[in-house]
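# just need the structure, nothing else, for what follows:
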Amino acid sequence: MLGCVAYIEPRGSESAIKPEKRRRTTITMVVYLRAARDVLVTWMLAFWHMLLTYYIGTITVVRQWTECPLAFPEFPRQADRVAVITGATSGIGYETARILARLGAHVIVAANNRKEGTTVAATIAKETLNDKVDFMFLDLSSFASVRRFAADLAARGLPVHVMVSNAGVMLLPEDYTSDGLERHFHVNFVGAALLVRLMLPLLHSSGRADRPSTLVAMASATHRVAHLSQTPVGCYSAHEAYARSKLALVLFWRSTARRVWCRRMHVSLRLADPGVVVTPLFRHGSLFLRFVLRLARPLTPRNARQAASNSVFAALSRVSPGPEVPYFEDGKDRPPFPVTLDQQLQDRAWEMARRLTYANDDQDWDL
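Numbers count the residues shown, from 1 in each chain. Down below sits the predicted model:
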């Protein structure tokens, strides 16, 4: 006769399971709380970077209003000179190319859109009655394109007396180039740095001791609220990324100027800050920012043509020779931001550009 064996649950098993459930619940809550904390910190940092940027922008606009009207001296003719303007298909770069073409310079429009660049070059040539306005393709987000541009320009056998590094991006969502760099940092700093380094020999041979070639970079007041770093500080913020790329550019420009001066090269480096100007660069901003700018545009004290006049003034002004880099804003040489005078920081920016562009071949960076 088969018997039935009753299973008797050991006393205390329920009490053993409940603490395990509580432990798992606690761990889950901690994970969620930490994730929420990280999201909050990320949002707060991004908001803080945005506030700093707009604070600097507001101060700049107020100063522009107090210093109106803006006036520049009559620029001398440039009939015997060649000027390269990067990012010259719209905004300040376009107006810079127009002014130099009106002065009789041979202008090379460098941009990353062939169709638009060809059209712009033809338009400027027609408007200014200057048939020496050319287009050359240049994509600063590609090291290969930068090297190709420098090689093609050198092969043309033309001198280069003026180069305005105007091309740039602003307020982009997080994105990386084919070379693996964050796009603001690549286009605004590393790509521009590589182009400058490759162009220095041609600029030097085109200049003279009494009239050096000029190399102008577009600075931004936002570099005053940034930290020198290749990667985002804490989290990605388009405002922080833009400001950080501009700080690196300013530091690199000052480091290059010291090296150029030590080598007695016939090249003079300058910085031009356009101030707050509503241009197509703002097209990547938030809907709210674009709405505000659309309403405020009639009230902004500077337009693209005035900002371009500042760039041309920086390029054509006679500056005392030396390792210093004048910082032109509204046609005046402004005092530099003290942090950018730190030579160790300057050399860090130089080394950063060298390492990122010539990881296995640094001989071309010896200066």
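# and I59, that's in a helix?
Yes: I59 forms part of a helix when assessed by DSSP: H, G, I helix; E, B strand; the rest coil.
# quick one, what contacts it?
Residues in contact with I59, defined by C-beta atoms under 8 Å, 6 or more residues apart in numbering, are A221. Glycine gets a C-beta too; all of them are placed from N, C-alpha and C.
# from R224, how far out is it?
Between I59 and R224 the computed distance is 10 Å (C-beta to C-beta, to the nearest Å).
# what of V276?
14 Å.
# show me which of those two is the more surrounded one.
Set V276 next to R224 and count neighbours by other C-beta atoms under 10 Å: V276 wins out with 21 against 18.
# hmm, the more buried one is touching R63, no?
No: assessed by C-beta atoms under 8 Å, V276 is found out of contact with R63, at 9.7 Å.
# stretch 172-183: how far from the chain's middle?
13 Å (C-alpha atoms, centre = their mean, to the nearest Å).
# ugh, wrong one, I meant stretch 255-269
In terms of C-alpha atoms, centre = their mean, the centre of stretch 255-269 is found 21 Å from the chain centre.
# now the end-to-end length of that stretch.
10 Å (C-alpha to C-alpha, to the nearest Å).
# buried set for that stretch?
Across stretch 255-269, burial judged by 16 or more other C-beta atoms under 10 Å covers S255, T256, A257, R258, R259, V260, W261, M265, H266, V267, S268, L269.
# just grab the bridge partners of V216 for me.
V164, R270 (DSSP bridges).
# what's around it, how many residues?
With other C-beta under 10 Å as criterion, V216 counts 27.
# give the contact list for it.
By C-beta under 8 Å, 6+ apart, the contact list for V216 reads V162, M163, V164, S165, L269, R270, L271, A272, S311, A314, A315.
# widest-spaced pair of those residues?
Based on C-beta to C-beta, the longest span within the contacts of V216 runs between V162 and L271 and measures 14.6 Å.
# more neighbours: these two, which one.
Neighbour totals were compared for V162 and L271, and L271 leads with 27 against 24 (other C-beta under 10 Å).
# make CSV out of the contacts of V216 and add pLDDT and distance to T89.
CSV is the format used below for the contacts of V216 (pLDDT from 0 to 100; distance: C-beta to C-beta, whole Å):
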residue, pLDDT, distance to T89
V162, 98, 18
M163, 98, 17
V164, 98, 14
S165, 96, 15
L269, 97, 24
R270, 97, 23
L271, 97, 22
A272, 96, 18
S311, 95, 15
A314, 96, 21
A315, 96, 19
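# out of those, the closest to A243 would be?
Out of these, the member with the shortest distance to A243 (by C-beta to C-beta) is L271, at 15.1 Å.
# out of the buried residues of stretch 255-269, which sit inside strands?
Using DSSP state E, the members of the buried residues of stretch 255-269 that fall within strands are V267, S268, L269.
# mind putting those into a markdown table with distance to L140?
As requested, these are exported to a markdown table (distance: C-beta to C-beta, whole Å):
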| residue | distance to L140 |
| --- | --- |
| V267 | 20 |
| S268 | 22 |
| L269 | 18 |
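# which of these sits closest to D139?
Proximity of those to D139 (C-beta to C-beta) peaks at L269, which lies at 23.3 Å.
# show me where the protein has strands.
Remark: strands assigned in the chain by DSSP E are 82-86, 106-111, 133-137, 162-165, 213-218, 267-273, 327-329, 332-334.
# just the buried positions in the third one, please.
Of all the residues in strand 133-137, those buried under the rule 16+ other C-beta under 10 Å are V133, D134, F135, M136.
# neighbours of the closest residue in space to the first one that isn't next to it in sequence, just the number please.
Nearest-residue entry for V133: A125, 4.1 Å, with adjacent residues in sequence omitted and distances by C-beta to C-beta, 6 or more residues apart in numbering. In terms of burial, A125 registers 17 neighbours under the definition other C-beta under 10 Å.
# what's the answer for L129, then?
9.
# need the helices for this structure, in chain order.
Per DSSP state H, the chain carries helices over the ranges 13-66, 91-102, 114-128, 143-155, 183-185, 192-206, 238-262, 287-296, 304-316, 343-357.
# which ones are touching the most centrally placed residue in the chain?
Taking C-alpha atoms, centre = their mean, the centroid of the chain lies closest to N188, which sits 2.7 Å from it. Counting by C-beta under 8 Å, 6+ apart, N188 touches G168, V169, Y242, S245, K246, A248, L249.
# gap between the nearest residue to V260 once chain neighbours are set aside and R334?
Beyond its immediate neighbours in the sequence, the residue positioned closest to V260 (C-beta to C-beta, 6+ apart) is V267, lying 5.2 Å away. For V267, the distance to R334 equals 22 Å [C-beta to C-beta].
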